[in-house]
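1. Please find the sequence and the predicted model below.
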Amino acid sequence: MKSFKFPSPFTVLYIIIVLSAAATYLLPSGNYATLSYDGDGQELIFSSESGLSRQEAQQSTLDSLGLKMDISKFTEGKIQRPVSVPGTFTETDPNPQGINAVIMAPIKGIYESIDIILFVLLIGGFIGVFITSGVFDQGVTLLSERLEGREKWLIIAVITLIALGGTTFGMQEETLALYPILVPIFLAAGYDLIVPVASLYCGSCVGYMGAIINPFGTILASDAAGVNWTVGMYSRIVMLAVGAIIAMVYIVRYAEKVKRDPSKSMLYGLNAKVPFPSVKRSDEPSKLSAKATLLLIIFSATFLVMVYGVIALEWWFGEMTALFLVAALLLGLIIRKGETAFIESFINGAKDMLGVAFIVGMARGITIVMNDGQISGTILNYASEAVGGVSGFIFLPCLMLVFFILAFFIPSSSGLALLSMPIMGALANIVGVPSEEIVNAYLFGFGLMNLVAPTGVLLPSLTMVSVPYNVWLKFVSPLVLMLGAVGIAILIIGYLV
């Protein structure tokens, strides 16, 4: 066992791709019929294995199909993707995914993830240009000096801000842009590489679990379940507050323990490569020139503009990627190192992110294999049958566990909501559980799985900070159990009240 080395993220993902392909041979293929809206014809399109049929866009049509939602959700464009129809699961002809599908899965995943991949690469280029100025070291050194003795408050501030981003607009992929800033700061404070990824990633997952107004999670899931998104909000507020406090205490205790004794780090002896330039503290107080100050302002403002653009201007990866390109060009003009030096630093920075970019594509390949093999609907059908016969009191904890498992196979928050919520919402009505608690069970389970699932943004995040996946699982497991217990307690109280 001492000679055993845990596989790299690439190997872990490829193993999951192979297992997913094998599952298409073992599980029957099947799909639910779906309903979508044609805005041009103002009709509802019912799609099943027998073909397409068009029906009038009226509330009575939804009621007849067992969809407990208002027709305005379709006609006003709040639901733009097909919604599963309860009670319509049918087995289809098998479509097993063989060797060719396994080989092509990462390639197809890269094609489908090109927006995120370009985002990651251009962040790398932007960081590469900024580092060549030498201002990065100065800024981090100055900040670490100002925070000396109070570094734990930076952890608390990061978790708070990221959790607020998660609860409002589902901030997670965007956190990839923040590691180059925080890693050197936390290392200069005496912490290890786990602390920055824990602060950022756990903050985003807690924010999703307690998502108050996240349009990709709470609002979409509520619409698909047929309830107003404001119903059940108090439970989510409690989850956000309690979950954030638990994460803060857990991470700060670990960070302070590592600072007192570096041998207590879970990375101790693993020779983890520091992914970003380290900062050396000087006995002389740090001072910044006017030019250095300007560069730091532009550097910091770029990330603030990104957050503002996502929240207020409905930016997505195209706009965010363009922002970092423009910011890199602006930095290059101010630094004035010449075209050749600028291109070289930009390419070198992007090259450092290439491994992260490939992992993003490979993770998407897992979903492609399962969708092409048509087993996602089968897994959902099995899950709904598993919780269908239990009492209302234990239905919600069981459903949270079901969503926890489903999130591994369907890592898209909006995709899982539209696929599962109409079915689980109809099942809740039979059991006698309020539909808003179904939405909360979905949020708690999905956010919890994000803490451990290699199929989402976790592996790219870990790769960016050189933290092995098995070490992360060891670190985060107690936190997952604590947050899971809190989620179950909130669901039970919500049901009883």
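-> Structure received. From a predicted model like this one, the values you see are computed outputs, not experimental measurements. Residues are numbered from 1 along each chain as shown.
2. Going by C-alpha atoms from here, please, whenever you check contacts or count neighbours.
-> Fine.
3. now do the same end-to-end measure for stretch 68-77.
-> This stretch, stretch 68-77, spans 17 Å end to end (CA to CA, to the nearest Å).
4. pLDDT averaged over it, what's the number?
-> What stretch 68-77 shows for mean pLDDT is 81.
5. ditto for stretch 379-396
-> Across stretch 379-396, the average pLDDT comes to 82.
6. Quick check: the residue nearest to the spatial centre of the chain vs R150, distance?
-> The centre of the chain sits closest to Q172, judged by CA atoms, centre = their mean, with a distance of 4.5 Å. Q172 sits 26 Å away from R150, going by CA to CA.
7. ditto for P460
-> Taken as CA to CA, the span from P460 to R150 is 29 Å.
8. what about these two, which has more around it?
-> Between P460 and R150, P460 has the larger neighbour count (other CA atoms under 10 Å), namely 25 against 12.
9. ok, and that one, which helix or strand is that part of?
-> helix 458-464 (DSSP states H and E).
10. three-state assignment of F46?
-> strand (DSSP: H, G, I helix; E, B strand; the rest coil).
11. ok, now how distant is it from S84?
-> According to CA to CA, F46 and S84 sit 10 Å apart.
12. Which neighbours do these two have in common?
-> Common neighbours of F46 and S84 (criterion: CA atoms under 8 Å, 6 or more residues apart in numbering): A33, T34, L35.
13. For S199, state which of these is nearest.
-> T34 (39.0 Å; CA to CA).
14. circling back: please put the alpha-carbon coordinates of the helix holding P460 into PDB.
-> Only the C-alpha atoms of helix 458-464 are listed here, as PDB (Å, rounded to 0.1, in the frame of the first residue of the first chain):
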ATOM      1  CA  LEU A 458     -14.200  19.800  -8.600                       C
ATOM      2  CA  LEU A 459     -11.400  18.100 -10.500                       C
ATOM      3  CA  PRO A 460     -10.500  21.200 -12.500                       C
ATOM      4  CA  SER A 461     -10.300  23.100  -9.300                       C
ATOM      5  CA  LEU A 462      -8.100  20.500  -7.600                       C
ATOM      6  CA  THR A 463      -5.900  20.300 -10.600                       C
ATOM      7  CA  MET A 464      -5.400  24.000 -10.600                       C
END
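15. what's in contact with it?
-> 9, 176, 179, 197, 201, 275, 353, 355-357, 359-360, 450-452, 468-469.
16. who touches F89 in this structure?
-> Counting by CA under 8 Å, 6+ apart, F89 makes contact with G30, N31, Y32, A33, G377, N381.
17. run the last query once more with 10 Å
-> Neighbouring residues of F89 by CA atoms under 10 Å, 6 or more residues apart in numbering: G30, N31, Y32, A33, S48, E49, G377, T378, L380, N381.
18. Now which of the residues you listed would you call buried?
-> Taking 16 or more other CA atoms under 10 Å as the criterion, what is buried in these is G30, N31, Y32, A33, S48, G377, T378, L380, N381.
19. Out of those residues, which two sit at the greatest distance?
-> Top of the distance list for the buried ones among the contacts of F89 (CA to CA): S48 and L380, 16.6 Å.
20. Give me the buried positions along stretch 78-87.
-> The neighbour-count check on stretch 78-87 (16+ other CA under 10 Å) flags I79, Q80, R81, P82, V83, S84, V85, P86 as buried.
21. what's the distance between the closest residue to L406 other than its chain neighbours and L416?
-> Closest residue to L406 apart from its sequence neighbours, by CA to CA, 6 or more residues apart in numbering: L380 at 7.3 Å. To L416, L380 is 10 Å away according to CA to CA.
22. So for those two, which residues contact both of them?
-> Common contact partners of L380 and L416 (CA under 10 Å, 6+ apart): F403, L406, F409, I410.
23. quick one: which of those residues is nearest to L67?
-> The closest of the shared contacts of L380 and L416 to L67 turns out to be F403 (CA to CA; 19.7 Å).
24. from what I can see, the closest one looks like it's in a strand, true?
-> No: counting by three-state DSSP, F403 is not part of a strand but helix.
25. For the residue nearest to it when sequence neighbours are not counted, list the residues it contacts.
-> The shortest distance from F403 to any non-neighbouring residue, by CA to CA, 6+ apart, is to G445 (5.0 Å). G445 sits next to 208-209, 397, 399-407, 439, 484, 487-488 when contact means CA under 10 Å, 6+ apart.
26. cutoff 8 Å now
-> M209, M400, L401, V402, F403, F404, I405, A407.
27. does the closest residue in space to the fourth one that isn't next to it in sequence belong to a helix or a strand, and which?
-> Distances taken as CA to CA, 6+ apart put A383 closest to V402, at 6.3 Å, once the chain neighbours are dropped. Of the helices and strands defined by DSSP H and E, A383 is found in helix 376-387.
28. who's in contact with that helix?
-> 27-32, 89, 91, 370, 395, 398-399, 402, 406, 409-410, 420, 423-424, 427.
29. next SSE after the helix or strand containing L220?
-> In this structure, L220 is located in helix 220-225 according to DSSP H and E. Using DSSP H and E, the helix or strand that follows helix 220-225 in sequence is helix 233-260.
30. State the mean pLDDT of that next one.
-> 94.
31. Which parts of it count as buried, going by neighbours?
-> 233, 235-237, 239-240, 242-248, 250-252, 254-256, 258-259.
32. same for that helix, what does it pack against?
-> helix 151-169, helix 203-209, helix 469-496 (3 or more CA pairs under 8 Å, 6 or more residues apart in numbering; DSSP states H and E).
33. Give the residue spans of the stretch 251-400 of the chain that score low on pLDDT.
-> 275-287 (pLDDT under 70).
34. Next, please give the residue ranges for the helices of it.
-> For the stretch 251-400 of the chain, the helices defined by DSSP state H, counting those that start in this stretch occupy 290-312, 317-335, 339-352, 354-372, 376-387, 392-409.
35. The ones you listed into TSV, with extra columns for distance to S113?
-> Formatted as TSV, the helices of the stretch 251-400 of the chain follow (distance: least, CA to CA, whole Å):
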stretch	distance to S113
helix 290-312	19
helix 317-335	10
helix 339-352	17
helix 354-372	6
helix 376-387	20
helix 392-409	17
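36. quick one, which of the ones you listed is packed in tightest?
-> helix 354-372 (a mean of 24; mean count of other CA atoms under 10 Å).
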